[in-house]
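*Asks:* Take a look and give me a structure for this.
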Amino acid sequence: MKTILIITYHFLKEEEIGSQRVRGLYRNLPSFGWKPIVVTSSLTEYLPKDKLDYVYPLTSLHPFLKIKKIMGFPDNKGIINEISERYVPCSSVEKKNRFQRIIIRCTEFLSFPDFSSYWVKPAIKQAEKLIMEQKIDLIFSTYGPSGCHIVGSYLSQKYKIPWIADYRDLWCDNPVYSYSKARKKIESSYEEKILFSSDYITTVSKPLINQLKKRFNDKPIESIPNGFDERILLNISKPENFFSIVYTGRLYQGKQDPEPLFHVLSRLIKNRDISASDIRIYFYGDNDLWLIQMVNDYHLQDIVSFYGHVNRADALYAQKTAQILLLLTWNDPEQEGIITGKVYEYLASGRPILAIGHNNEKDLKYLLEKTGTGVHVTSNELLEKYLFNTYKEFISCGLVSYSGQEKEIMKYSHYEMTRNFVRIFSKIERENT
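*Replies:* Okay, here's the model as predicted:
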């Protein structure tokens, strides 16, 4: 059995959608003749009580993260965001956002490139110990955070072991990159230096390949989509009795826009095409003041509920009991290929997906059409027609119909994702023997 050393940061946090890609790899690699060894972070100052085979968590935390814990801030929210929410004495979303931008500019070099920098040295030390103890055939690191690629680069150069750098999200080209142009220029150069020693780059969609090729055109780059945990399919739940629309996960202000949904629904309710007593909208995940304010502006507070951060099991249950699952795509036409891991969980839910966004998301539209799992609407007119028709169907049948194609859906399981990765692993191994 071949051995692959996986460098990843959020592995132990099963709640995080960002951990699912590498957890799926870890679970399925032995079926393809590969033993995974994982170096990761404990994400706390303590080691976890439950140990997983060949998983080595490290407790090193950046001082800022320790301060965050002392102040009682939630793990899944940024320090600056949380300070502005709690301590900036104003109700204006715009003023809070302005405060956040100022603080980010003033502190942007305090944790270069990010908070995982404190974890890098312990991770290298642990990985070197593992390399001394056994033969490692490949190194695989996944971004983010940046520390994973920094460790992968160092080990690959020092020990001459082939290295695959995986981008779940982009680094400096990420659409939510919030630092100044000066920092971005410095950090982009640093990223290119780190990736110089990589043998192969993987990412999650074809549009992201195009972006990566602008900077790494001398590297082989391939797209392997995220997938879903096949075990999700085993849990069957009945959709609830409301015409419910469910969103799970974080929303990014200025990047994803729920306003078309609120605008169209308020009009349908006002025109009595939809009864407010029949409809419910549920948001699961940490969302900020701007979203609550938008709901209030459209006078929809009686039908919209916010559940905050919930555990993964509750999020999956909410997906399976929804009449419709809401997906909000990136609203910048220049940013293609942002197909989050949540999309694939939605595929496994057995419920229809309503994606709202601009025309440029060709990959997402293809995915929904190919699997028969939903629609992608790009105008208020199309959205109104969809909501009106599905509501009438719900009133008539008590259920919004679902026509997902199981054979096509299963192509996006973690097992099939792993098969695609193994094909690359085998190719690199052949080239280096």
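*Asks:* Which elements pack onto the helix or strand Val264 falls within?
*Replies:* Using DSSP states H and E, Val264 maps to helix 259-270. With contacts taken as 3 or more C-beta pairs under 8 Å, 6 or more residues apart in numbering; DSSP states H and E, helix 259-270 sits against strand 279-284, helix 289-297, helix 380-397. For every residue, glycine as well, the C-beta is placed using N, CA and C.
*Asks:* Just name the most buried of those.
*Replies:* Stretch with highest mean neighbour count among these: strand 279-284 (a mean of 21; mean count of other C-beta atoms under 10 Å).
*Asks:* Tell me what angle that strand forms with helix 380-397.
*Replies:* 110 degrees (axes from the mean of the first three to the mean of the last three C-alpha atoms, to 10 degrees).
*Asks:* Remind me what strand 279-284 packs against, helices and strands.
*Replies:* strand 243-248, helix 259-270, strand 304-308, helix 312-320.
*Asks:* mind putting these in JSON lines, mean pLDDT and mean neighbour count included?
*Replies:* Conversion of the helices and strands packed on strand 279-284 to JSON lines gives the following (pLDDT from 0 to 100; neighbours: other C-beta atoms under 10 Å):
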{"stretch": "strand 243-248", "mean pLDDT": "96", "mean neighbour count": "24"}
{"stretch": "helix 259-270", "mean pLDDT": "96", "mean neighbour count": "18"}
{"stretch": "strand 304-308", "mean pLDDT": "92", "mean neighbour count": "15"}
{"stretch": "helix 312-320", "mean pLDDT": "92", "mean neighbour count": "18"}
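*Asks:* closest to Ser180 out of the ones you listed?
*Replies:* With C-beta to C-beta as the criterion, Ser180 lies closest to helix 259-270 of the helices and strands packed on strand 279-284, at 28.6 Å.
*Asks:* Nearest residue to Ser275 in space, please, no chain neighbours.
*Replies:* Nearest non-adjacent residue to Ser275, counting by C-beta to C-beta, 6 or more residues apart in numbering: Ile269, 7.6 Å away.
*Asks:* okay but the one you found is in contact with Ser277, surely?
*Replies:* No: using C-beta atoms under 8 Å, Ile269 makes no contact with Ser277, being 9.9 Å away.
*Asks:* can you pull out the strands in the stretch 301-433 of the chain?
*Replies:* 304-308, 324-328, 353-356, 374-377 (DSSP state E, counting those that start in this stretch).
*Asks:* Take the ones you listed and lay them out in a markdown table including distance to Tyr415.
*Replies:* A markdown table is the format used below for the strands of the stretch 301-433 of the chain (distance: least, C-beta to C-beta, whole Å):
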| stretch | distance to Tyr415 |
| --- | --- |
| strand 304-308 | 31 |
| strand 324-328 | 23 |
| strand 353-356 | 22 |
| strand 374-377 | 23 |
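*Asks:* Low-confidence ranges, the stretch 251-400 of the chain, go.
*Replies:* Scanning the stretch 251-400 of the chain with the threshold set as pLDDT under 70 gives 332-338, 359-360.
*Asks:* show me the contacts for Leu52.
*Replies:* When contacts are counted by C-beta atoms under 8 Å, 6 or more residues apart in numbering, Leu52 touches Val38.
*Asks:* And it, how close does it get to Glu14?
*Replies:* From Leu52 across to Glu14, the span is 11 Å (C-beta to C-beta, to the nearest Å).
*Asks:* check which helix or strand covers Glu191.
*Replies:* helix 181-195.
*Asks:* So which other helices or strands are in contact with that helix?
*Replies:* helix 147-159.
*Asks:* For the helix or strand following the helix it packs on, name the packing helices and strands.
*Replies:* Counting by DSSP H and E, the next helix or strand C-terminal to helix 147-159 is strand 163-167. In terms of contacts (3+ C-beta pairs under 8 Å, 6+ apart), strand 163-167 is packed against strand 138-143, helix 147-159, strand 200-203, helix 414-431.
*Asks:* starting at the chain centroid, how far to the third one?
*Replies:* In other words, strand 200-203. How far strand 200-203 lies from its chain's middle: 17 Å, per C-alpha atoms, centre = their mean, to the nearest Å.
*Asks:* What is it packed up against?
*Replies:* strand 163-167, helix 206-213, strand 221-223, helix 414-431.
*Asks:* Could I get those in CSV, plus columns for distance to Pro352, mean pLDDT and mean neighbour count?
*Replies:* Converted to CSV, these look like this (distance: least, C-beta to C-beta, whole Å; pLDDT from 0 to 100; neighbours: other C-beta atoms under 10 Å):
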stretch, distance to Pro352, mean pLDDT, mean neighbour count
strand 163-167, 30, 98, 25
helix 206-213, 25, 90, 18
strand 221-223, 26, 96, 17
helix 414-431, 22, 95, 17
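*Asks:* now the lengthiest strand in the chain: mean pLDDT?
*Replies:* In terms of residue count, the longest strand belonging to the chain (DSSP state E) is strand 34-41. The average pLDDT for strand 34-41 rounds to 96.
*Asks:* Would you mind pulling up the elements that it packs against?
*Replies:* Using 3+ C-beta pairs under 8 Å, 6+ apart: strand 34-41 touches strand 2-7, helix 20-28, strand 55-58, helix 117-133.
*Asks:* between those, which gets nearest to Gly147?
*Replies:* Among those, helix 117-133 sits nearest to Gly147 (C-beta to C-beta), with 4.8 Å.
*Asks:* List the buried residues for the closest one?
*Replies:* Under the neighbour-count criterion of 16 or more other C-beta atoms under 10 Å, helix 117-133 has Tyr118, Trp119, Val120, Ala123, Ile124, Gln126, Ala127, Leu130, Ile131 buried.
*Asks:* quick one: contacts for Thr321?
*Replies:* Per C-beta under 8 Å, 6+ apart, neighbours of Thr321: Ser237, Lys238, Pro239, Glu240, Ser244, Val246.
*Asks:* Tell me the spacing between it and Tyr366.
*Replies:* Thr321 sits 28 Å away from Tyr366, going by C-beta to C-beta.
*Asks:* got it, and Ser403?
*Replies:* For Ser403, the distance to Tyr366 - C-beta to C-beta - is 16 Å.
*Asks:* swap in Phe228?
*Replies:* 17 Å.
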